[in-house]
Structure formats: C-alpha cells, structure tokens
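> Here is a sequence with its predicted model. Questions after.
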Amino acid sequence: MEFDTKLIHGGISEDEFTGATSIPIYMASTFHQKKIGESKYEYSRSGNPTREAVERLIADLEGGTAGFAFASGSAAINTVFSLFSAGDHFIVGNDVYGGTFRLIDAVLKRFGMTFTIVDTRDLEAVKHAITPQTKAIYLETPTNPLLRVTDIAAVADIAKQYHVLSIIDNTFASPYVQRPLELGVDIVLHSASKYLGGHSDVIAGLVVTKDPDLGQKIGYLQNAIGGILAPQESWLLQRGMKTLSLRMRAHLKNAQAIFEYLNNQPMVSKIYYPGDPENPDYAVAKKQMHGFGAMISFELQPGLDPKAFVEQLRVITLAESLGALESLIEVPAIMTHGAIPRDIRLQNGIKDELIRLSVGVEDQVDLLADLARGFHYLAD
C-alpha cells in the first residue's frame, strides 16, 4: 500500500468483532481468560486492543516490525535508554529537545551512564567520539530548535560499522516527511503529541523498531516500566494519524510561504529552515526528506525583543509544543529549552533572540498578516 492508504487501512483498521471502522476504546483493565495462557490480552499494561491498533499503525507507517505506545515522548525516550546499563556511553546530538537534555543531565547520569555531545552532521566527529563503551548514537533530525539536518543513512552506517545502535527522534519530520528505518536506523522515536496526533489534544510517545529481537526487548521494558498509553489517548492518536497526509500538505505549503516572507524581512537576522537553498544542510535534506517540514526558527536582529514580538500575535498561538493544526510560536531560550544552562545553550547556537514557529494550516493571508503585526510593533 502507498503511504496515504496505509494511514487509513494500516495497522488494525477495523474491529474484528463488530466490523467497526473506528477501533473501539477498550476501557478494560483486565480480560477474561477462558484457558490459562491462551488469551490474547491479560492486563492492559501488558496489552490493550486500542493501544495495539495505534502501535501496529505506526509500525506500518515507519516500515518497522513492532511499534510501542507510551504516555509521553519523554516516557518513550526513557524506556529506550532503559535498554542500557551503568557504564554505557552514548553519543548525543548537540541540538536536542530541552526535555531530552534534562532527562540525560539530571536523571540518566545519576545511573552511571555517560554522554558525549557532538554535532552529528560532522561524521568524523561522530566516529571520533565512539569508545569501547559506546552503545548508541542518539540524535534528532531536523533538530529542535535549529532545524539542523543530519545524514541519516551515513550515521546508520557508522553505527553498524562500530556495532552500536542508532536512535533517531523523528518528531519534527513525521513519517510523512522521512522514514529513518528505511535508511538503516535501528530505533525511531516520536513525541506523538505533535504531528501524529495533530490536534493539541493528546500527550503520547511512540517507538518503532525493525529488528524483531530489539522489538521484544522494548516490549518487555514497556510492560516492566509501565509508562503505557491509555486507551482513550490511543484512540485519539490513531484518529489524528489518519489525517496526517492531508494536514502535512497544508503545513508544508504554508511553511514555504512564511519562509519566503521572513527571508525578505529586514528585522530577521537569520532563518533556520531545511528548505532554504542557502542552508548548508539543504542538499542532505533534499536527499532524505519528502518535503522540508513545517518548522521554522528565526533570529531577530540584535536588540529586538522576541518576547514582545510573540506576545503581539493574535492568530499564531503563543504556546509550547508543535505540529498542531494551529500555528504555535515560542521563545526557546525561556520556554522549551529553558532547562539548558545558558552557556551551553549559547554554545549550541540557541540565542536569546531565537523564535521557533510551528506553522499550522490556517490561511496564509492571516498568518502573514499576523507576523506583520509583530514586526510592526517592534518597528514602533
């Protein structure tokens, strides 16, 4: 099946008992076992029909063999890191979500794991950082919030060469834009609250693997740790995923229009957008992405106040998160990446003047007029 068809008919798209084309919300904690050991479901932490439907769907969309749904993206990331042990070493991209940095810096390090931060676009730096204790390379692409693009296939090849796992957070792209498993990656993660859910009404995380043995290990940890996605949220997520292609086409079209507008705005000093032909990552993005996504970050000219700019907007919503129908805007230095110490944040290129925009599906006329309102306020 083609991708758009998989969204509708992939995974478990029909209830086997009633034929319902919307999988019911099975609000059951336990299940009747007619014979010991022969039941399909036993207890909803271990398996639930509604959750299984969304897990099977994401596996189909990413080209994997197994999918796993969690209560949040952070729960998904933590469960994946639970594959490893004290003393294990990891290479982590230098531009990751602030919550991922917080998990690594404030939690995982206390359990004896060690991390080396590198720009994963620099393949020689990635190789140089590998030690005998290295177990995995973890990265985002495009990154959050600077939209840096790493050559996925090249990193996957390095990981295989050195017998370590490759783990990619695919949240910013979604499987509509890129599918890392098809490029050789071992594990794909999503904050499914974003593009996959798409409606700002669910918190969820997803993990997909291609190797069945690795999938069994993650499935074991999902059950043992218990950070599973509840039935109601599983239903909401699957419903949102079915319209992913329809939404993404509108997202991408609007993002291109806003990039062109910002590119001609003198109050903007720099734009971070994979679809910018002047972007050093443009060739890589064009090679591995089907479209350039709908995230744009931009820096105001020095001395201009990003807080004042975003607070003047009326159509674009000032809020954390991304990937929703509505356009969302935020200031990473004091919002999503506030957990990162300022010296580290500046070293990684996240300046105080940086603004991150998740482009929604509103009419372009209204979005551009709203941005103009913000710039007009700064000019007064």
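Structure received. Numbering: from 1, shown residues only.
> Okay, helices next: where are they in this structure?
Applying DSSP state H to the chain gives helices spanning 3-9, 49-62, 73-81, 98-102, 123-129, 152-161, 174-177, 212-225, 231-241, 244-263, 282-288, 306-311, 342-347, 364-379.
> Out of those helices, which gets nearest to S321?
Smallest distance to S321 across these (CB to CB): 10.5 Å, for helix 73-81. Every C-beta, even on glycine, is put in place using the N, C-alpha and C of the backbone.
> What is that closest one packed up against?
Helix 73-81 makes packing contacts with strand 66-70, helix 98-102, strand 187-191, strand 205-209, helix 212-225 when contacts are defined by 3 or more CB pairs under 8 Å, 6 or more residues apart in numbering; DSSP states H and E.
> Can you redo the ones you listed as TSV, where the extra columns are mean neighbour count and mean pLDDT?
Shown next, in TSV, are the helices and strands packed on helix 73-81 (neighbours: other CB atoms under 10 Å; pLDDT from 0 to 100):
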stretch	mean neighbour count	mean pLDDT
strand 66-70	26	98
helix 98-102	20	89
strand 187-191	28	98
strand 205-209	28	98
helix 212-225	15	98
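> got the buried residues for stretch 317-332?
Buried positions in stretch 317-332, judged by neighbour count with 16 or more other CB atoms under 10 Å: 317, 319, 321-325, 327-332.
> swap that for stretch 110-125, sorry
If you call a residue buried by 16+ other CB under 10 Å, then stretch 110-125 has these buried ones: 113, 115-121, 123.
> Map the structural domains onto the sequence of this protein.
3-241, 244-379 (automatic domain parsing).
> Quote the end-to-end distance of stretch 99-115.
Start-to-end span of stretch 99-115 (CA to CA, to the nearest Å) is 15 Å.
> Next, the contact list for the spatially most central residue of the chain, please.
In the chain, the C-alpha nearest the mean C-alpha coordinate belongs to T171, at 1.5 Å (CA atoms, centre = their mean). Taking CB atoms under 8 Å, 6 or more residues apart in numbering as the criterion, T171 is in contact with 73, 97, 140, 144, 189-191, 194-195, 323.
> how about the helices of the chain in JSON lines, adding distance to L300?
Below are those laid out as JSON lines (distance: least, CB to CB, whole Å):
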{"stretch": "helix 3-9", "distance to L300": "37"}
{"stretch": "helix 49-62", "distance to L300": "36"}
{"stretch": "helix 73-81", "distance to L300": "29"}
{"stretch": "helix 98-102", "distance to L300": "20"}
{"stretch": "helix 123-129", "distance to L300": "30"}
{"stretch": "helix 152-161", "distance to L300": "31"}
{"stretch": "helix 174-177", "distance to L300": "27"}
{"stretch": "helix 212-225", "distance to L300": "42"}
{"stretch": "helix 231-241", "distance to L300": "33"}
{"stretch": "helix 244-263", "distance to L300": "11"}
{"stretch": "helix 282-288", "distance to L300": "23"}
{"stretch": "helix 306-311", "distance to L300": "6"}
{"stretch": "helix 342-347", "distance to L300": "16"}
{"stretch": "helix 364-379", "distance to L300": "7"}
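> Out of those, which is closest to I296?
Within the helices of the chain, the stretch nearest I296 is helix 244-263; the backing value is 5.9 Å (CB to CB).
> Quick check: the gap between the closest residue to A324 other than its chain neighbours and F70.
Using CB to CB, 6 or more residues apart in numbering and skipping the chain neighbours, the partner closest in space to A324 is S200 (4.3 Å). Distance from S200 to F70, counting by CB to CB, to the nearest Å: 18 Å.
> Then K242?
K242 is 20 Å from F70, where distance means CB to CB.
> Which single one of the buried residues of stretch 110-125 is nearest to F259?
For the buried residues of stretch 110-125, the residue nearest F259 by CB to CB is R121; the value is 20.5 Å.
> pLDDT wise, what is the closest one at?
Note on R121: pLDDT of 98.
> so what's it up against?
Per CB under 8 Å, 6+ apart, neighbours of R121: 148-151, 281, 284.
> Need the buried ones from those residues selected in PyMOL.
Here is the PyMOL command that selects the buried residues among the contacts of R121 (16+ other CB under 10 Å):
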select buried, resi 148+149+150+151+281+284
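> Just the ones of the contacts of R121 in strands?
Per DSSP state E, strands hold no members of these.
> Show me which pair in the contacts of R121 is furthest apart.
Top of the distance list for the contacts of R121 (CB to CB): R148 and D151, 11.1 Å.
> which residues does S174 contact?
Taking CB under 8 Å, 6+ apart as the criterion, S174 is in contact with 190, 194-196, 244, 248, 323.
> Go again with 7 Å.
195-196, 244, 248 (CB atoms under 7 Å, 6 or more residues apart in numbering).
> The closest residue to Y176 other than its chain neighbours - how many residues pack around it?
Using CB to CB, 6+ apart and skipping residues adjacent in sequence, the residue nearest Y176 is M248, 4.4 Å away. Around M248 there are 23 other residues, counting by other CB atoms under 10 Å.
> M248 is in contact with Q178, isn't it?
No: using CB atoms under 7 Å, M248 is not in contact with Q178; the gap is 11.6 Å.
> Tell me which of the helices of the chain sits nearest to G37.
Minimum separation from G37 across the helices of the chain (CB to CB) falls at helix 212-225, 16.2 Å.
> just checking, what packs against the closest one?
strand 66-70, helix 73-81, strand 205-209 (3 or more CB pairs under 7 Å, 6 or more residues apart in numbering; DSSP states H and E).
> want to throw those into CSV with distance to S166?
Output for the helices and strands packed on helix 212-225, formatted as CSV (distance: least, CB to CB, whole Å):
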stretch, distance to S166
strand 66-70, 17
helix 73-81, 12
strand 205-209, 11
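> Of these, which is nearest Q364?
Going by CB to CB, the one of these nearest Q364 is helix 73-81, 29.3 Å.
> Next, the angle strand 66-70 makes with the closest one.
Interaxial angle, helix 73-81 versus strand 66-70 (axes from the mean of the first three to the mean of the last three CA atoms, to 10 degrees): 130 degrees.
> Sounds good, over and out.
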